[in-house]
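*Asks:* Below is the sequence, then the predicted model.
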Amino acid sequence: MKYSDNNHLERDPTLIIYCKEWCEYLQKLVNLLRVKQQAFTFIDLRFDTKQAKALISELGNPLILPVLFLNGTYHEKPPISKVKSILDRYQWRKQVDHKYYGTLPAKNHQ
């Protein structure tokens, strides 16, 4: 029997990376995202001052870059292990949903 309410289903995490320059941390993060086959959007704040101002108003000044926006939550330079843990949790939930409910997560579910 399939569960009729899709609200339990997890979708792929939305990931946006805000940064100003390429750094060792960012290299490690991008490598992790490639291994996990996780899509992301990169916004270079040097060229998007409007977005930089919006982040400062949200998080305060100074920003600790890079800032990750992961499914509605900002993370200022989180440990790589924390990002890996979050992505692993979403992958696990996707597998459970597919196995027990016979479907992949709904794209419009939040």
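*Replies:* Looks like it arrived, so ask away. Numbering: from 1, shown residues only.

*Asks:* Mind pulling the model confidence for L70?
*Replies:* pLDDT for L70: 85.

*Asks:* for the one 5 residues further on, same thing?
*Replies:* We have a pLDDT of 92 for H75.

*Asks:* tell me the contacts of L55?
*Replies:* Contact analysis of L55 by C-beta atoms under 8 Å, 6 or more residues apart in numbering lists 18, 45, 63, 67, 74. From N, CA and C alone the C-beta is placed, and that goes for glycine too.

*Asks:* Same list (these) but as TSV, adding neighbour count and distance to L55.
*Replies:* Shown next, in TSV, are these (neighbours: other C-beta atoms under 10 Å; distance: C-beta to C-beta, whole Å):
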residue	neighbour count	distance to L55
Y18	23	6
L45	20	7
L63	19	6
V67	20	6
Y74	15	8
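
*Asks:* so L29 sits in a helix?
*Replies:* Yes. Applying DSSP: H, G, I helix; E, B strand; the rest coil, one finds L29 inside a helix.
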